[in-house]
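> with the input below, show me the fold.
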Amino acid sequence: MNTYKHLKKNTIYGLLTVLACGLMIPISKACDICGCGVGSYYIGILPDFNKRFIGLRYQHKSLLTHLGPTGNRTPITADETYQSMEMWGAWNIGQRWRVMAILPYNFNTRTIKGSGEQGKKNGMGDVVAMGYFKIFEEAKGTASNKMLVHSLWIGAGVKAPTGKYDASERSNAAQDSPNNFQLGTASTDFMFNLAYDVRLMDLGLNVNTTYKLNTENKYDYRYANKFTANALAYYKFNIRDKVRIAPNAGVTYETQPKDVVFGKYDVAQSGGNSTTGIIGIEVNIGKISFGGNYQSPLSQNLAGGRVEAGDRFLTHLSYSF
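Purely as a prediction, here's the structure:
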């Protein structure tokens, strides 16, 4: 028992260390591009469920690319919008295991105002499957007779190359240009995740850290590996034991080095880091959960200032059974 308590204590310290390191990583020329474009996934707070849930999510993201050296608009500056409709779900297996899947359908649009050129890509995105193991879950009373509940999950998963990759995007543009206007990456990538949740009565904190390991696709292009850390504080209001409302707010930090072509050449207009503020709400009524959030950049340094991420928003509806 002492060994278990010691392991659990060290695990908590380890998670907090990972989060702290993530939030203190030095600013680097680092992003597919942070939070936008192909290969970006956001988990956030899961819907309330005991056994399993299935649902739909909608995400909207915007991006400015091909900016000038000082971040100014140029005749080739592109306004890009990335929308996705995702079917997603999770299933708890026994007391400690969980599997999750995300099946996205993407809607990408691009407008170059200087030339009047417009582009559009719709289609299946890259499918994600994740597996999680619950290291611990504990509920105990405090000295002030309040209930403290916390849990720690560790996960790993794979992103399959099910979305279409258009190689002409690279051949028709400068070789140092961003390569985000895709439905898929054409690569099999791997994700590793830590998820910690702590709640004192109705006030809680949800922390997620994810590292995404990308491989080179058959077109000799490799999107850079990506680190993401987010923390969301929330408060649960219980209305007559029938409706639970949880407003939440927090921050996300994302960073990654530059993309690489032919195994050795950096793509100049790639990579970066960003810090994004989040505000949202989650509502649960019986077996139905719905909610959403709005995300706005607090600071960013993307592709050496040649790319600028805009605001994002997300909404979802799910059913537990």
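> ranges for the strands of the stretch 1-150 of the chain?
Counting by DSSP state E, counting those that start in this stretch, the stretch 1-150 of the chain has strands at residues 52-65, 78-93, 97-112, 117-124, 128-141, 147-159.
> tell me which of those strands sits nearest to Y165.
strand 117-124 (10.6 Å; C-beta to C-beta). Every residue, glycine included, has its C-beta placed from N, CA and C.
> return that closest one as PDB; C-alpha atoms alone will do.
Backbone C-alpha positions of strand 117-124 (Å, rounded to 0.1, in the frame of the first residue of the first chain) are rendered in PDB as follows:
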ATOM      1  CA  GLU A 117      -8.300  33.500 -56.600                       C
ATOM      2  CA  GLN A 118     -10.500  31.100 -54.500                       C
ATOM      3  CA  GLY A 119     -10.000  27.500 -53.500                       C
ATOM      4  CA  LYS A 120     -12.100  24.900 -51.800                       C
ATOM      5  CA  LYS A 121     -11.500  21.400 -50.500                       C
ATOM      6  CA  ASN A 122     -14.200  19.200 -48.900                       C
ATOM      7  CA  GLY A 123     -13.800  15.600 -47.800                       C
ATOM      8  CA  MET A 124     -12.900  13.100 -45.100                       C
END
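> what residues of it count as buried?
Buried residues in strand 117-124, defined by neighbour count with 16 or more other C-beta atoms under 10 Å: K121.
> and the angle from it to strand 78-93?
Orientation note: strand 117-124 sits at an angle of 10 degrees relative to strand 78-93 (axes from the mean of the first three to the mean of the last three C-alpha atoms, to 10 degrees).
> so for strand 117-124, mean pLDDT?
Across strand 117-124, pLDDT averages out at 93.
> partners of it in the sheet?
Sheet pairing of strand 117-124 (DSSP bridges) gives strand 97-112 (antiparallel).
> how much does the partner strand deviate in direction from strand 52-65?
Using the same axes, to 10 degrees: strand 97-112 against strand 52-65 is 30 degrees.
> next, the angle strand 128-141 makes with strand 97-112.
Using the same axes, to 10 degrees: strand 97-112 against strand 128-141 is 120 degrees.
> and strand 97-112, how far out from the chain middle?
11 Å (C-alpha atoms, centre = their mean, to the nearest Å).
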